[in-house]
Structures are given as C-alpha cells and as structure tokens.
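Enquirer: sharing a model that was predicted from the sequence below.
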Amino acid sequence: MITFEHVGLRYGPGPEVLSDICFALEPGAFRFLTGTSGAGKTTLMGLIAMTLRATRGRVTVLGTEVNRAPPDALSLARRKVGVVFQDFRLLPHLTAFDNVALPLRIAGRPEHAIRKDVWEMLQWVGLADYARMLPPTLSGGQAQRVAIARAVIARPRLVLADEPTGSLDAVQGARVMGLFEALGRAGTTVLIATHSRGLLKRYPHPRLSLVAGRLTQTLAPAGTGGVEKGS
Ligand SMILES: Nc1ncnc2c1ncn2[C@@H]1O[C@H](COP(=O)(O)OP(=O)(O)O)[C@@H](O)[C@H]1O
Ligand SMILES: [Mg+2]
C-alpha cells in the first residue's frame, strides 16, 4: 500500500526535515502518526499524498513510485488518496452537498449517480439535514464531517487525516474518530497524524512516531510490548 525506503526531504537549501524514513503500511492498516509539533508529521503526510517529493530515497504509494511517475500518472494516483485537513479546507461558497460532490464532479461522474452517493454519504456522517448549508455557518465538528465525507466519497483505499480532531471538542472529536474507525473496519487504510496524548490513549492503534524528522517507533502502541528502534 505504502512503502518508504530511506526517504529524506529538505525544503529548499535548508536541513533535512525528514531523514532516513523507512516503513511499510499494509492494506487495511489503521495507524497513528505521532510526534510533537515540528517533528515532520505534515511533511510525511504530504509525501504520502504525493503533493511533496522526497529529495532522496524511494516513496511508493498504491503502486505508484512517486519520484519516477510522470505528472499525469501522479495526478491520477493522487485521486486515489482521501485527505482530511485539520482546518477542513472546504470551499466556503459551495454548500455542504456541493463540497462533498466535488471529487465526483472532477472525476466526471454523471449527475444522477453523484446525487445518490452524496446523499448516502451525508447520511453516514450525520449531516443530511445540513446539505444546503454553507461551510461558514457550520460548527467545527460539522465542517470536519463534511471534509471527511468529501475525502471518502470517491471510495479511496487510503485515507490520510492531519490532526483531524485538533480543533474539535471531545464530543465532536469522538464522533469524527468513530467515522475513521468505521472506515477502518470496512477495510480502508487509515493514517491519522496527531500529537494529542488523549487521542492516543483512547484509541490504541499502532503508531509511527516521529522525533525531529526520524521514525523512532514503528509498531505497537505504548505498553503493549512493541518493538522500538533507534533512540
Ligand atoms: N513549506 C515549508 N518550508 C520550509 N520549512 C518547512 C515547510 N513546512 C514545514 N517546514 C519545516 O519542517 C519541519 C516539519 O514541519 P511539519 O511537517 O509541519 O511538522 P508537524 O506537522 O509534525 O508539526 C519544521 O521544522 C517546519 O518548520
Ligand atoms: Mg502538522
């Protein structure tokens, strides 16, 4: 599903912000990506989402070797990955319905098929009654659920979420996590970046842990006898 082989990344001429990253994520895995602010979580997510390119090493996502793929293959591959951002990134002038419909419209799906899928998806995230609302009028939890619906409407096999509960209260955070867990049970590969100790405590999924741009732990959650390597 995802393999990283000795991957490094630097922004411009600066130092490497990711160094010698090696891991594999098997299909259906549910993982947290942890690390303090600045550790490199968002950068690593960008590499997996194929919006950033490694400056050394090899990244393969869903069969695409990112550094070798031509631009058109890369934009096709990007559509197979669902991405959820902490700040939602909804289009403010489009309704909740039209935000969720966007990936299907971009993919050229016929409008009648789009309507059915979007209604189903809005029901799944508990927002069928909010379809006609504009994002600025939604609560944070509602907006994040619209963002999740948009990320998964095209049935990606891989979903990335960058601090998806970071700006939500506990009740809304739990609701959002419930959606990711349901996706995981349905076989979607899920990777969630977080620095929230509370989240990690409540949801004991295996972790990839970043410290200053290096992976230090690649298996089980704390206290379950996971193998640690490095520092
Ligand atoms: N566009 C950028 N240009 C230069 N440096 C960046 C850029 N984005 C992130 N960085 C740096 O890369 C490091 C990792 O950042 P980031 O991946 O955002 O970490 P995290 O998501 O874990 O907080 C930080 O030192 C940050 O300052
Ligand atoms: Mg970040």
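Expert: That came in fine, so what should we check first? Note that the coordinates shown come from a computational prediction; the quantities given were computed from them, not determined experimentally. Ligands and ions are numbered 1, 2, ... in the order given.

Enquirer: what about Gln123, distance to ligand 2?
Expert: 31 Å (C-beta to the ion, to the nearest Å). For the C-beta atoms, the positions are set from N, CA and C on the backbone; glycine is no exception.

Enquirer: same deal with Asn99?
Expert: In terms of C-beta to the ion, Asn99 sits 22 Å off from ligand 2.

Enquirer: so what's that residue up against?
Expert: 90-91, 135, 146-147, 150 (C-beta atoms under 8 Å, 6 or more residues apart in numbering).

Enquirer: wait, Asn127 sits on Val118?
Expert: One thing to correct before we go on: residue 127 is Leu, not Asn. No: using C-beta atoms under 8 Å, Leu127 makes no contact with Val118, being 10.6 Å away.

Enquirer: looking at those two, which is more packed in?
Expert: Val118 (23 against 20; other C-beta atoms under 10 Å).

Enquirer: not counting sequence-adjacent ones, nearest residue to His205?
Expert: Phe30 (4.9 Å; C-beta to C-beta, 6 or more residues apart in numbering).

Enquirer: which strands and helices lie in contact with the biggest helix by length in the chain?
Expert: Looking across the chain with DSSP state H, the single longest helix is helix 170-185. Under the contact criterion of 3 or more C-beta pairs under 8 Å, 6 or more residues apart in numbering; DSSP states H and E, helix 170-185 touches strand 30-34, helix 140-152, strand 158-162, strand 189-194, helix 197-202.

Enquirer: one more pass at 6 Å, please.
Expert: If contacts are counted by 3 or more C-beta pairs under 6 Å, 6 or more residues apart in numbering; DSSP states H and E, helix 170-185 sits against helix 140-152, strand 189-194.

Enquirer: pLDDT of the longest one, averaged?
Expert: Helix 140-152 comes out with an average pLDDT of 96.

Enquirer: list the contacts of the most centrally placed residue in the chain.
Expert: The centroid of the chain falls nearest to Leu160 when counting by C-alpha atoms, centre = their mean (1.1 Å). Contact analysis of Leu160 by C-beta atoms under 6 Å, 6 or more residues apart in numbering lists 45, 48-49, 83, 191.
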